[in-house]
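Trainee: What shape does this take:
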Amino acid sequence: VLLHQSGPGLVKTSQTLSLNCTVSVGPITADYYYWSWIRQPPGKGLEWIGYITYGGATYYNASFKTRTSISRDTSKNQFTLQLSHATPEDTAVYFCARGVTQYYDYWGQGTQVTVSS
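Mentor: Predicted structure coming up:
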């Protein structure tokens, strides 16, 4: 698995959902790549959450912007999603992915996250 996800599969309502993606396909600082988080709620399509670029800039879906933080640890070649104030509507399969131009060429294995009280 070239993008390996880790993090809890169960989060309590109002807590912060946190997932890590450890990258083995190359350095996350390599030019032109962007490192994304995407999710798929049950019965729905893919939903882009945000990404961090090779230079460390971040961009977020406006729907999540106030609750989302994507950061990176270049020493671990890892990037992290934090989604605060989780609600049951955040229940989904979460994916990390490497983006290049307008497509994703590598994906993590997916993490089922359930938000429940």
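
Trainee: following the helix or strand encompassing Trp37, which helix or strand shows up next?
Mentor: Element membership of Trp37 [criterion: DSSP states H and E] is strand 33-40. Note on strand 33-40: by DSSP H and E, the next helix or strand toward the C-terminus is strand 47-53.

Trainee: thinking again about what came up before, list the buried residues for the strand holding Trp37?
Mentor: 33-39 (16 or more other CB atoms under 10 Å). Bear in mind the C-beta positions are built from the backbone N, C-alpha and C, glycine included.

Trainee: Stretch 11-25 now?
Mentor: 11, 17-23.

Trainee: To what extent is Asp73 buried, counted in neighbours?
Mentor: By the criterion of other CB atoms under 10 Å, Asp73 has 12 neighbours.

Trainee: ok, what's across the strand from it?
Mentor: Counting by DSSP bridges, Asp73 forms beta bridges with Gln78.

Trainee: Touching the strand holding Trp37 from outside, list them.
Mentor: Outside strand 33-40, the residues that touch it by CB atoms under 8 Å, 6 or more residues apart in numbering are 19, 21, 23, 26, 28, 46-54, 70, 72, 79, 81, 92-100, 104.

Trainee: Same question for stretch 9-16.
Mentor: Applying CB under 8 Å, 6+ apart, the set of residues contacting stretch 9-16 is 17, 82-88, 90, 111-117.

Trainee: go with 7 Å
Mentor: 17, 82-88, 111-117 (CB atoms under 7 Å, 6 or more residues apart in numbering).

Trainee: Please identify which of the residues you listed is nearest to Gln5.
Mentor: Nearest to Gln5 out of the contacts of stretch 9-16 is Thr111 (CB to CB; 4.8 Å).

Trainee: Dig out what that closest one forms beta bridges with.
Mentor: Applying DSSP bridges, one finds that Thr111 bridges with Tyr94.

Trainee: Could you do Ser6 as well?
Mentor: In beta-bridge terms (that is, DSSP bridges), Ser6 pairs with Asn20.

Trainee: you'd agree it is up against Asn20?
Mentor: Yes. Assessed by CB atoms under 7 Å, Ser6 is found in contact with Asn20 at 4.9 Å.

Trainee: which residues does the most centrally placed residue in the chain bridge with?
Mentor: Centroid-nearest residue in the chain: Trp37, 2.8 Å away (criterion: CA atoms, centre = their mean). Beta-bridge partners for Trp37, by DSSP bridges, are Gly50, Cys96.
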